[in-house]
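Enquirer: sequence unknown, structure follows:
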């Protein structure tokens with residue numbers, strides 16, 4: 001197996017910079033679109049053979065150095081007792097947001113082998129077929145909580161922040177339940193065979209550093225500390241992270257993933273020389289191939305002082321992205337000669 005990605009996660013020297021891409025299995029690939037034309041999104045997530053197939057597509061098509069399990073961060077939240085919908089356009093929706101104690105009492109922690117067996121069955125298929133490491137994942141507690149409280153995506157997160165500041169007991173109750181579920185969910189993925197896991201804190205950046213430290217970070221640390229004994233690298237991705245990195249660096253994660261709003265060398269300095277993952281702006285992939293090559297080389301060289309670097313976008317790849325440009329990015333990253 002090509003384990004360059006795992007070497008970088010552990011801070012070991014690698015022959016080249018490994019790369020994978022957030023949302024690399026998805027709508028920008030015609031091969032994915034062909035499968036998706038016949039099934040809705042949730043059915044795709046819950047059908048192991050199809051989920052495994054789309055997980056493998058970017059490995060075969062792009063030559064990336066790791067696969068990430070095809071699923072969604074809200075799959076376990078659905079099994080906590082909420083009705084989840086994915087409209088054909090727009091983001092996910094919970095029809096009955098959890099904004100009071102009565103609704104929160106209906107939530108439960110999940111039992112992964114009973115509640116989400118299809119996720120674990122997908123992993124079993126993949127670890128037999130892949131020649132690169134498989135990354136499992138979950139949403140970080142706060143990010144999942146925002147969907148459950150807001151009822152979907154949000155611009156200002158008014159309901160979440162209102163609850164945090166006016167009903168802290170309820171907010172902590174919800175965060176505690178999500179944390180327990182996240183630990184169980186990722187533990188089951190690791191025990192089934194994934195080689196690393198990523199915790200996605202997509203919406204952490206909407207908080208002040210003080211609120212993040214007081215209300216969110218303790219649950220991140222609890223999750224990561226519970227997973228550490230299982231022995232696989234843990235990546236903590238914090239979107240819009242510039243104001244939070246000095247806190248997130250103490251999460252216990254093995255790798256910190258950063259978005260494009262901060263220079264990678266600055267992120268390295270702020271994270272106490274942890275291995276880092278990132279951080280090309282996804283929109284650069286709409287430019288020319290020479291420009292993509294220059295941008296990729298710049299990031300690789302800026303990150304050459306890191307204890308380990310995994311190249312990635314600063315967030316998920318966009319659906320309209322030209323596939324040939326993504327291939328050009330992967331090739332460019334692999335070809336950069338780093339200073340010794």
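Expert: It's in. If you're wondering where the values come from, they're calculated on a predicted model, not measured in any experiment.

Enquirer: now for the nearest residue to residue 260 once chain neighbours are set aside, how many residues are close by?
Expert: The shortest distance from residue 260 to any residue other than its chain neighbours is 3.1 Å, reached at residue 314 (C-beta to C-beta, 6 or more residues apart in numbering). (Glycine included, C-beta is placed from N, CA and C.) Residue 314 has 25 neighbours, counted by other C-beta atoms under 10 Å.

Enquirer: was I right to think residue 314 contacts residue 261?
Expert: Yes. With contact defined as C-beta atoms under 8 Å, residue 314 reaches residue 261; the gap is 7.1 Å.

Enquirer: buried ones in the helix of greatest length in the chain?
Expert: Across the chain, the helix with the greatest residue count (assigned by DSSP state H) is helix 168-192. Within helix 168-192, the residues that qualify as buried by neighbour count (16 or more other C-beta atoms under 10 Å) are 170-171, 173-175, 177-190, 192.

Enquirer: which parts of the stretch 201-340 of the chain are helices?
Expert: Per DSSP state H, counting those that start in this stretch, the stretch 201-340 of the chain has helices spanning 209-211, 217-227, 245-248, 264-270, 289-302, 323-335. These are given in chain order.

Enquirer: wait, which of the ones you listed is closest to residue 141?
Expert: Comparison of these against residue 141 by C-beta to C-beta identifies helix 217-227 as nearest, at 4.3 Å.

Enquirer: how big is the angle separating that closest one from helix 168-192?
Expert: Following axes from the mean of the first three to the mean of the last three C-alpha atoms, to 10 degrees, one obtains 20 degrees for the angle between helix 217-227 and helix 168-192.

Enquirer: average pLDDT across helix 217-227?
Expert: Along helix 217-227, the predicted local confidence has a mean pLDDT of 98.

Enquirer: now stretch 145-159
Expert: For stretch 145-159, the per-residue pLDDT values average out at 95.

Enquirer: hang on, the earlier thing: how far off centre is the longest helix of the chain?
Expert: Computed by C-alpha atoms, centre = their mean, to the nearest Å, the chain-centroid distance of helix 168-192 equals 16 Å.

Enquirer: mind checking the pLDDT average for that helix?
Expert: This predicted structure assigns helix 168-192 an average pLDDT of 98.

Enquirer: on that earlier part again, look up how far residue 262 lies from the residue nearest to residue 260.
Expert: 9 Å (C-beta to C-beta, to the nearest Å).

Enquirer: and residue 160, by the same measure?
Expert: With distances taken as C-beta to C-beta, residue 160 is found 24 Å from residue 262.

Enquirer: and for residue 2, nearest residue in space, chain neighbours not counted?
Expert: Of all residues beyond its chain neighbours, the one nearest residue 2 is residue 132 (5.1 Å), with distances taken as C-beta to C-beta, 6+ apart.

Enquirer: that neighbour reaches residue 66, doesn't it?
Expert: Yes. Here residue 132 lies in contact with residue 66, judged by C-beta under 8 Å, at a distance of 5.3 Å.

Enquirer: which secondary element of the chain has the worst mean pLDDT?
Expert: Every helix and strand in the chain was compared by mean pLDDT, DSSP states H and E; the lowest is strand 84-85, with a mean of 89.
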